[in-house]
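S.K.: Sequence first, then the predicted structure, then my questions.
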Amino acid sequence: MDALLADLRSALSDDRVRYDAAQRSLIAHDASVFDGGVSGPVCYPVDTSEVQAIMRIALTHGRAVVPRGAGTGLAGGAIPLGAPVVIAMTKMNAILDVDLDNRVAWVEPGVINLDLSRHLRPMGFHFAPDPSSQQVCTIGGNVANNSGGPHCLAYGVTDAHVVSLEIVLPSGEVGTLGTLGPDDHGLDLRGAFVGSEGTLGIATKVAVRLTKNPPAVRTLLLSFASVRDAANTVSDVIANGIVPAAMEVMDQKITIAVENFVGAGYPLDAAAVLLAEVEGLEGGADIDAERISDLGRANGATNVRQAESDEERALLWKGRKTAFGAIAQIKPDYYLHDTVVPRSALADVLETIYDIAKRHDLIVMNVFHAGDGNLHPLLLFDARIEGELERVHAAGADILRACLAVGGVLSGEHGIGVEKQGYMEELFSADDLDHQNRLRKAFDPACRANPGKVLPMGHSCADIQALRAVPTGVWG
Amino acid sequence: MGASVLAIDDPVLHEFAELVGAEGAVSVAGGRTRWEAGGTLSPEAQVVEAPTGIVSYRPEEMTMQVRAGTTVAELDAALAEKGQRSALADRGGTVGGAVAVGESSVDQLGRGAVRDSVLQVRYVSAEGKLVTGGGPVVKNVSGFNLPKLLTGSLGTLGLLAEIIIRTNPMPPASVWLRCEGLSPARARDAVLTPSAVLWDGGATWVHLEGHAVDVRAEQKQLMTLGSCQEVGGPPPIPAHRWTLSPAQAAAFSASEPFLASIGVGRVWASAPQPALPVDPVAELIGQRTKQLFDPASRLNPGRTP
Amino acid sequence: MIPGWLRRQRGPDAVGKTGVAGAGVPAGVDLKLDADDLNMCVQCGLCLPHCPTFRVTGDESMSPRGRIKLMREVQDEGAPVTQDVLRSFESCVQCRGCEPACPSGVPYGHLMEQARESLAEEHLITPRWQRLAFKPLSQPKVLQLGSSALALANKTGLVPRRLGLPDDLPVRQEPLRASGDDVYLFTGCVMDAWQREVHAAGKRVIEAAGFGVTPTNELAPCCGALQAHAGLAGETRALAERMMRTLSDDDRPILVDSAGCGAAMKDYGHLLGTAGAAAFSARVFDIQEWLAEHVDRLPSVAAPLDLRVAIQDPCHLRHVQRAHAGTRVVLRPFVREIVELDDDGLCCGAGGAYSVLEPELAGAIRERKVGVIDQVEPDVVASANPGCSMHLAGAGVATVHPMQLIDQALSQPQPQPVGA
Ligand SMILES: Cc1cc2nc3c(=O)[nH]c(=O)nc-3n(C[C@H](O)[C@H](O)[C@H](O)COP(=O)(O)OP(=O)(O)OC[C@H]3O[C@@H](n4cnc5c(N)ncnc54)[C@H](O)[C@@H]3O)c2cc1C
Ligand code: SF4
Ligand code: SF4
């Protein structure tokens, strides 16, 4: 250990290679409910060459590496397993170049998502993916998790907005994937890298696409007497050929918690609310807003309100985007699920989810990217209470299976991480997983980057036999 | 444990896998519209055809599940019935061919890139096994992104058998304009979301799509900036596709006819593009990928994506 | 080890996460934190970008989430209070920018104050010389003679040069006289000595609105805010009780023109936990906050000041009192243009005595703030807290109290920004 630390410190600096217990304990967690990570040295590089040096040193000392952004991941992607060298990217947070001719910005991965859009605002552009955590999560984390957000309904998730990447491979080589152009020559390694949860290497520069700020935005808040009515409205909107910028649904419990925090005027008596936004030019935005309102009313909307000012709109969105955090008013812990089902199955699946929660005697709240069929059931619990955790775990598994049963998938945006590895075999066959493993090995033949994630045990890079050998509490 | 949810029960796909087998050089022919893309197929390769037919179309989900041998024309016809379309361009070929080549349409800005629209792929591996990557829904980050890897791979990593593609509503109004005295960059900046802005060195062509009011408003706007006329469609597209940055494409010039797609970086030119510089690390990863997916180089030998 | 689901428990299994107790490292300090308050944090991280120390370091141990986690480990899991744990706690500016950002409503400020109090009781934080430095604040005579501890330190070279405090800190001035008994104007300690001009301006403005003002002068020498931040809760309570005794003859509003003092006085209810203290706190208003309700009573001016004014909300006004809206309301009629800083009210790094105790971090935080200010190119920055003004002035930023701007507008000649 001393030799490893000494090498890292001489490559970086003393204060940017940390090994104190407090630091390592904090770095062993992200925003997920998972515990049991053990971190080795924590490095804070400031440029690509330092990342490269860390990779090479880790390799020499036989250590794995785990990249980390802001630590808001919900699937445990940034949790270190087996005392790896953790590479915290937060100091690589410069916006390097805004290239309006090519409509891209080159940024370092530690740039905070919202900081980038703020920076672009005076130029009339933004970075379209807007995860609810956008005020804190990093572009590197977005790339690694292929993150989505409410407005990805119309604009597409992160991979549609990342055109090129500078990466450092676990072997220490630095390369560039993708170009600023249409990129339909050669294998789309860029596309393979986005969403790989830190298992293919580390992104050190990212070229993101700039999206023009639309001149017209209409934000609608529709109230419903049942979650089913809200869900049906969502599928009707899509079925009628309208693709709004965003369509988000919150059920009554979460709406109340959110309203307590933001005071945006969310109705407290509606069983569900649908927050829908359309963007574009004035005329079309009005037409779409009108049609969505009509479809809502046809599905029994009890109230339809349109935000009248930018402040009102901002407050409504603030409510939606802080929803997960707001639940601590009710219970101290939450397990936030993330699955996708066909939109037309939304209403039925939601009913099933409420039943499952009831069966396990748990509080569940639903707040989700309805337009994509991307569900986020929130199971509330108190980890201090004996047995609650086990019930949450069991309910989570039931929910996942219910979603798979209607043609859904394991995750729409949070990733697999350590959370859903165990379920991969329920979605994919052994051959499917074997091919995913080959893709991983093409980038990282020695399985050095973020081992023990994504692929279930039994696949070479996922086999955490070696990781398990590190005994708890011995950090050597 | 039971079977995985994505287990394949379509006997037609299994027959295709058997046809491909586990040995010997093999390739799939689609419409042969881009047959020479990526190099000339080795003559010893057995050429098979992919299965055909639409498996399921769910317009309300905006997804279309289709066997790879289905023609893009057939796909388009089915979509049009429900007022939808996809990112694939009909060049007379098959869906599998269009995805394997990965070339987006002239309306890429409006219809999206092919690589962003492929939700799930099913292909026959070099070992003759059926493999599924991705998933049937519009948003999905479950595992590694095999659909991205297969799109544009020219069938060198697996032979596409079935694809689920994202569809989109057909915009209610559409107009093509040919403008003179209007630089392509200015045209691009003047409109919010054009479906295409093309430049042939003399005139700028703009494809506006969307709500009729919006299309009219933007058309009017463009008319004030240059002298624009409504035309039936884009100009003829030269044969060779070049990949440049958007800025390079906007500054493209050549003595022979060309067409540059503004904001995309695509240029169709009369001569082939000189070899592109290759990033050595990307090349290395590409070689390793090929080695891992097709160690005996039996899939589409002679071609490199 | 295989990742498992997070479990929180007291007990031997959980011990030692933050390190091993060894020589000189005390194990198992009871931080006496409210278990439910502590448990409210769901580790979502939404507070991180609103924390100045995280912003400039990118270090989880310098973030609210990290600090709360460490509190948990110490209190619930018996983790030892290592130097690194202390460093994490002591580097907190206590700006409470993390509080309004937290959707769970974690009462971070109170947690940190309690944690510091418990650590101070164990003599783990706040060395003696630091405690002594706060003594003069509650003794106005000392202040009047020799300016505040900080001003004194500045003059004698105790304050590091790079803090860049202006050399011309006012030293001695005449006390303000009462003009009536509609409202109290809290004149405090540090501020009284440093920025009596602000009190005078505020007093004139309130009077212009037609109210009689009683300056508190010796009635209320100190609010106890700095002591509270340092974990010296006992002293704070004594000061609070004293003030409540002298200012409670009637229930007229108490106006405060220093955001830090106002926040502390509004917190007496929580601090003392009595109905009387809560009632007292309810009478405390930030001067802009109060004036915003009476702005129509101010005379109108022929021409507003020809200035582009950027508003820098003091943390204790924005994040703690959440009363920053008033500043805009009262200023708007009197200046040409008001511009907002695009950083969600991130702290400037002044933090009471923080800029003296943590000069490096405070400097880095200020640098960031100056960058944000430069973006909007104001003529002057309006800040309603003397500490922030001094700190920013130290970096060459022209600052002025909003009351001074209004006072100037009402009496025409242009204001003299501090540090321009
Ligand atoms: C309140 C809340 C709301 C959220 N809302 C959304 C939402 O709406 N949509 C959504 O998609 N997600 C959401 N998330 C999840 C999370 O914020 C996203 O996944 C985010 O992109 C993670 O970014 P991060 O910087 O925090 O990454 P981290 O959590 O630090 O890391 C995530 C993964 O990225 C890897 N990584 C980080 N940096 C790099 C790099 N430079 N190179 C390679 N790999 C790297 C890590 O190893 C890890 O596997 C939410 C989370 C919270 C707490
Ligand atoms: S303090 Fe609040 S915002 Fe910060 S991590 Fe905890 S719950 Fe989230
Ligand atoms: S009080 Fe300020 S410095 Fe302390 S944790 Fe909160 S935001 Fe950070």
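M.R.: All right, it came through fine. Ligands and ions are numbered 1, 2, ... in the order given.

S.K.: which intervals of the chain have sub-threshold pLDDT?
M.R.: In the absence of a named chain, chain A is used. A:460-476 (pLDDT under 70).

S.K.: wait, I meant chain B there
M.R.: If you take pLDDT under 70 as the line, chain B has these spans: B:1-2.

S.K.: Now do the contacts for the closest residue to ligand 3 within it.
M.R.: Residue nearest to ligand 3 within chain B: B:Val141 (31.8 Å; CB to the nearest ligand atom). Glycine gets a C-beta too; all of them are placed from N, C-alpha and C. Listed by CB atoms under 8 Å, 6 or more residues apart in numbering or on different chains, the contact partners of B:Val141 are A:145-146, A:157, A:195, A:411-416.

S.K.: ok, now A:Gly148?
M.R.: A:129, A:131, A:157-158, A:369, A:372, A:374, A:412-413, B:139.

S.K.: now with 7 Å?
M.R.: A:129, A:131, A:157, A:369, A:374, A:412-413, B:139 (CB atoms under 7 Å, 6 or more residues apart in numbering or on different chains).

S.K.: what about it, which SS state?
M.R.: The local conformation at A:Gly148, judged by DSSP: H, G, I helix; E, B strand; the rest coil, is coil.

S.K.: ok, so what distance separates the residue in the stretch 51-200 of chain B positioned nearest to ligand 1 from A:Ile57?
M.R.: For the stretch 51-200 of chain B and ligand 1, the shortest gap (CB to the nearest ligand atom) falls at B:Val141, measuring 8.0 Å. As judged by CB to CB, to the nearest Å, B:Val141 and A:Ile57 stand 31 Å apart.

S.K.: List the buried residues in stretch B:203-216.
M.R.: With burial defined by 16 or more other CB atoms under 10 Å in any protein chain shown, the residues of stretch B:203-216 counted as buried are B:203-211, B:213-215.

S.K.: next one: phi and psi at the residue lying closest to A:Asp338 once chain neighbours are set aside?
M.R.: Distances taken as CB to CB, 6 or more residues apart in numbering or on different chains put A:His414 closest to A:Asp338, at 4.2 Å, once the chain neighbours are dropped. Per-residue torsions, A:His414: phi -80, psi -20 (degrees, to the nearest 10).

S.K.: so how many other residues sit close to A:His414?
M.R.: 30 (other CB atoms under 10 Å in any protein chain shown).

S.K.: ok so, going back, return the subset of the contacts of A:Gly148 lying in strands.
M.R.: In this view, these that belong to strands under DSSP state E are A:Asn374.

S.K.: can you redo the contacts of A:Gly148 as TSV with neighbour count and distance to A:Arg440?
M.R.: Formatted as TSV, these follow (neighbours: other CB atoms under 10 Å in any protein chain shown; distance: CB to CB, whole Å):
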residue	neighbour count	distance to A:Arg440
A:Pro129	31	24
A:Pro131	25	24
A:Val157	28	21
A:His369	26	28
A:Asn374	29	25
A:Gly412	30	21
A:Glu413	28	20
B:Lys139	23	22
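
S.K.: ok, the contacts of A:Gly148 vs ligand 3, which is closest?
M.R.: A:Pro131 (21.7 Å).

S.K.: and A:Thr138, what are its bridge partners?
M.R.: Applying DSSP bridges to A:Thr138 gives these bridge partners: A:Ile112.

S.K.: mind listing what the residue sitting nearest the centre point of chain C touches?
M.R.: By CA atoms, centre = their mean, chain C has its centre lying nearest to C:Gly260, at 3.7 Å. C:Gly260 is in contact with C:225, C:316, C:352, C:385, C:387, counting by CB under 7 Å, 6+ apart.

S.K.: Helix, strand, or coil at it?
M.R.: helix.

S.K.: do A:Val243 as well
M.R.: coil.

S.K.: Next, the contact list for it, please.
M.R.: A:153-154, B:169.
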